[in-house]
Structures are given as C-alpha cells and as structure tokens.
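Engineer: sequence unavailable; structure follows:
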C-alpha cells in the first residue's frame, strides 16, 4: 500500500478508537515524561519539536487514521493491540512531541476525507507522498518503498514480473498507487501489440490476498514491505511467494511514504517534521526499522513533500 488507498465506509465497530497502549478508547492525555521506551527502544522528548506543537494537541493528543491491518506497518496482535512499524514510529513521534497518539481504524480510500472532516489529525497508512496528493496534503516523509508482486506458493504460472502479465488479471487495493502502476503496465502491453492487463481493484489487503487464493487474479501488486511480509507469514508461509523482478529488484516505482497532514495545518506539519528528524538524528528511527527488518527502506532526512514529480 504505499500509496493511494481509499475505501468505503466501515462499521461503527471498526471505527472504534484503539489506543497505542491497548484497546482503550478514552481521550489521550499529554505526558510530561522526558523519555519513553517503545518495545525496548528509548525515545527522548525533543524540546524544539514539542514547542512547535500547537497547544490543542498537547492536551488532546494526536488522532491517526490508518487502514489496519496492513502488516508489517500496522496490524493487531493477539490482544487486539495495534502493533507494527508505523505504530511504533507514531508512538515515537508523539513521545518526541510530549503528547500521545491514538490509531483509528479507517478504510484507506476514506482517510483523506476523514482528515478533511476533522475526524483525524494525521494519515499514517503506508501512504505515498505523491504530487497529486500534495494538492490536498503535506507529507512528512519517513520511508522509501516500492511495489512488488506476490503469487500463489510455488509460482505455478512462472510469473517473473509485470511485463509478463499482459492479458492477465492482477489485483490490488482500490485508490492505491499500485492501481496507476498496473494501468501504465497495461498501456505498455497494448503498445506492444499484446492484450491489455486487467486490474481487479478491491477494498482491502485481505480482499486482494483472497482474490489470488481464489484464482480471480494471477497476482497481487502490493507495497514491497507488505508483500514480503505477507509471503513470509500468510498461512505460515504456505500461501504466497514473492516475485523479484530482475529489472526492478527493489520494487516498481520506488518512492517516498509520508505522514499526511492537511495543508491548512502547517504548524502541525512542522512539529511532526522536527520530531521525525530528531528520531533520525538520535538513532531511534534506525532502531525501529531494525526491529521490523525494514532497514533497507530508510530515509536520511524527514523531508516535507519530498516527491517532486
């Protein structure tokens, strides 16, 4: 999912607020602690970042719209507690800011609308920083990722990459950047005199996985980090196989992911950028990436709207 995701309304139950420390739904309270330990990683509050945070977030905390599950970025553990790299990262950003964060489960294709309606303060859901999205949001960039294919275990169709899939059906999540990648691949097929590639866009990661398992699609194009994780753990590693295209070994269209914030909320953007840069500088960002085996997707600077074209 890096990247353009937005979906239909979800049930009231799925919209329940889930605190990062558990499943409580009470309003988060600001913390005066100078240091917080996030699953073994120590995060020290940053005075400059905290000073930049608008006062209302210091008492009310930060509410985050996120499609859950989307492992390894965010998912629920056996106690229904949200975990994952992005969960850890936002917990760490909140600690730097001297406040707290709450994740709210939200369909990806409605996350931007939820920010616009005031339901959420931040969008954190492996969302790609794209020029098109920058018309509405500012992005504090924290990750560099691409898109990769997964196929049924054993790769019965011997899929080696997108160029081979002309005339086939490939699934992905609705409103994700992968939809655009597949559309471009289909045009390439047609230009070469081959049948068009068909995109099966579905609401969620789980729906896409099920489409491949049911034979409705030959492959699933997903964010590289999510694809690798899914191939490793789904069905204890027996459901899917990761396709590594020799022409794009790090994934297709590698680009930046960022924390999405409304363009009208520039003070919050500045505070989140300062907090993220502080995490990069003191090494806690690297420690969190290492915890989730995601070091290869690291950025060296928390840019704002780093994607230029």
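Structural biologist: Happy to help now that I have it. Keep in mind it's a predicted model, so treat the numbers as computed, not measured.
Engineer: correct me if wrong: residue 144 contacts residue 251.
Structural biologist: No. Judged on Cβ atoms under 8 Å, residue 144 makes no contact with residue 251 at a distance of 9.9 Å. Every residue, glycine included, has its C-beta placed from N, CA and C.
Engineer: neighbour count for these two, which is higher?
Structural biologist: Between residue 144 and residue 251, counted using other Cβ atoms under 10 Å, residue 251 has the larger neighbour count: 25 against 19.
Engineer: what's that one in contact with, if anything?
Structural biologist: By Cβ atoms under 8 Å, 6 or more residues apart in numbering, residue 251 lies in contact with 145-148, 223-224.
Engineer: cool, and residue 144?
Structural biologist: By Cβ under 8 Å, 6+ apart, the residues touching residue 144 are 254-257, 297-299.
Engineer: so which of those are in strands?
Structural biologist: The strands, defined by DSSP state E, take in 254-257 from the contacts of residue 144.
Engineer: top of the residues you listed by neighbour count?
Structural biologist: If you count neighbours using other Cβ under 10 Å, the busiest of the ones in strands among the contacts of residue 144 is residue 257, which has 27 neighbours.
Engineer: just give me the closest of the contacts of residue 144 to residue 60.
Structural biologist: residue 257 (25.6 Å; Cβ to Cβ).
Engineer: any idea how far the closest residue to that closest one other than its chain neighbours is from residue 233?
Structural biologist: Excluding the flanking residues, the one nearest residue 257 by Cβ to Cβ, 6 or more residues apart in numbering is residue 143, at 4.0 Å. Distance of residue 143 to residue 233, given as Cβ to Cβ, to the nearest Å: 20 Å.
Engineer: for this protein, what's the longest helix?
Structural biologist: Secondary structure of the chain per DSSP state H: the longest helix is helix 266-282.
Engineer: measure how far that helix is from the centre of its chain, please.
Structural biologist: Remark: helix 266-282 is offset 18 Å from the chain centroid, using Cα atoms, centre = their mean, to the nearest Å.
Engineer: one step back: what's the lowest-pLDDT member of the ones in strands among the contacts of residue 144?
Structural biologist: By pLDDT, residue 254 ranks lowest within those, coming in at 86.
Engineer: isn't it right up against residue 145?
Structural biologist: Yes. Look at residue 254 against residue 145 with Cβ under 8 Å: they come within range, at 6.6 Å.
Engineer: now for these two: what residues contact both?
Structural biologist: Applying Cβ under 8 Å, 6+ apart, one finds that residue 254 and residue 145 are jointly contacted by residue 224.
Engineer: tally of neighbours for residue 298?
Structural biologist: Residue 298: 14 surrounding residues under other Cβ under 10 Å.
Engineer: count the residues that sit near the closest residue to it other than its chain neighbours.
Structural biologist: Counting by Cβ to Cβ, 6+ apart, residue 298 lies nearest to residue 289, which is 5.5 Å off, once chain neighbours are set aside. For residue 289, the count of nearby residues is 20 (other Cβ under 10 Å).
Engineer: can you name the residues in contact with the helix or strand containing residue 289?
Structural biologist: Using DSSP states H and E, residue 289 falls within helix 284-291. With Cβ under 8 Å, 6+ apart as the contact definition, helix 284-291 has outside contacts at 38-43, 85, 88-89, 92, 142, 276, 279-280, 295, 297-298.
Engineer: and if you look at stretch 47-54?
Structural biologist: 58, 96-99, 267-268, 270-271, 274-275, 278.
Engineer: do stretch 37-44 as well
Structural biologist: 34-36, 88, 91-92, 95-96, 279, 282, 284, 287-288, 291.
Engineer: is the residue nearest in space to the middle of the chain in a helix, a strand, or coil?
Structural biologist: The centroid of the chain falls nearest to residue 126 when counting by Cα atoms, centre = their mean (1.3 Å). At residue 126 the chain is in coil, as set by DSSP: H, G, I helix; E, B strand; the rest coil.
Engineer: give me phi/psi at it?
Structural biologist: Main-chain torsions, residue 126, degrees, to the nearest 10: phi 50, psi 40.
Engineer: could you report the separation of residue 96 from residue 36?
Structural biologist: Distance of residue 96 to residue 36, given as Cβ to Cβ: 9 Å.
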